[in-house]
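>>> just a sequence and a predicted model for now, questions to come.
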Amino acid sequence: MTFQRKPDVVTTQSHLNALILQNTKLARRCWEITTEQTTVLRTLTREFELSVALGDLTLIDNKWYVTNAGLLRLAERRRCLGIRVEQVREFCDPAAGRWVFKATLYKRRGAQAFVGFGDADPANVSYLVRGAEMRIAETRAVNRALRKAYGIGLCSVEELGSRSTSFSRAREPEPSLKQQPKNGSNDGQPRLRDKLCLLIREHKLDPKLVKAYAADFCGTQALRDANRNQIEAFISQLSKEANENRDGLVCKLNSYNQSQEVTS
């Protein structure tokens, strides 16, 4: 993997301040973020110019995670020379769906290389991406090399293990003191909204059209009116359609866009 060489772009303070403001506003609209999370977001924006709007960062279970897309854009901005990825064959077992890759990143010609390893098998990937372990392992290796090279301490979304074990219990009040939200979780599992966001990001789907499809699938006026069981069923169906026939799914989603245009 090589990056197109571009002239150095000097980021002005005004541009950086505008990006910080944009990230903060969008994050508050998408998630319920605390003052501490806002401070971390501003620091990440200032140091790495990561964009919430472009999907460089996401908040899952009250923690910030960087994405593969965000890391690659950062590498391009920092004029990364290239990344070499190779399979570590002695640790791979295709029959068992186990893959290991090594990524070597070169920031510039003649400079020290940064190495990252990534592994994946059915036991440590989300059920949403089962069957894509080889691609996940490669992406994890690239992400680790990029994070080492540019000093990013955040874990990347793609490096997360099994969804049932990768997240610590969210700090929620006792059930008797606060009613659990319909789309939330009270057993230490990630919220359904987070699962849906990851699925949308993984398959590069239009969030607005997915919401329209979800409401239609659940038989509600809006997605927020659906109950947990309905949303779980929809996520399962969306994952199946995305993995088996993404083009067909995109066509179905576009039909909702046409419906909205006719209505308007």
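Done, it's in.
>>> can you show me the helices along the stretch 1-150 of the chain?
Taking DSSP state H, counting those that start in this stretch as the criterion, the stretch 1-150 of the chain carries its helices at 13-30, 35-48, 68-77, 133-150.
>>> including mean pLDDT, distance to Ser236 and mean neighbour count, could those helices go into a markdown table?
For the C-beta atoms, the positions are set from N, CA and C on the backbone; glycine is no exception. Supplementary listing: the helices of the stretch 1-150 of the chain in a markdown table, determined by pLDDT from 0 to 100; distance: least, CB to CB, whole Å; neighbours: other CB atoms under 10 Å:
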| stretch | mean pLDDT | distance to Ser236 | mean neighbour count |
| --- | --- | --- | --- |
| helix 13-30 | 92 | 23 | 14 |
| helix 35-48 | 95 | 30 | 15 |
| helix 68-77 | 95 | 24 | 20 |
| helix 133-150 | 96 | 20 | 23 |
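>>> among those helices, which comes closest to Asp93?
For those, distance to Asp93 was read as CB to CB. The smallest value, 10.3 Å, belongs to helix 133-150.
>>> follow the chain on from the closest one and name the next helix or strand.
helix 192-203 (DSSP states H and E).
>>> just want the angle from that next one to helix 68-77.
Calculated by axes from the mean of the first three to the mean of the last three CA atoms, to 10 degrees, helix 192-203 forms an angle of 50 degrees with helix 68-77.
>>> what residue spans form the domains of the protein?
Under the assignment named as automatic domain parsing, the residue ranges that make up the domains of the chain are 13-159, 192-263.
>>> need the winner for burial among those domains.
domain 13-159 (a mean of 17; mean count of other CB atoms under 10 Å).
>>> helices or strands next to the helix or strand encompassing Ala242 in the packing?
Assessed by DSSP H and E, Ala242 sits inside helix 228-244. Judged by 3 or more CB pairs under 8 Å, 6 or more residues apart in numbering; DSSP states H and E, the packing partners of helix 228-244 are helix 192-203, helix 207-218, helix 246-263.
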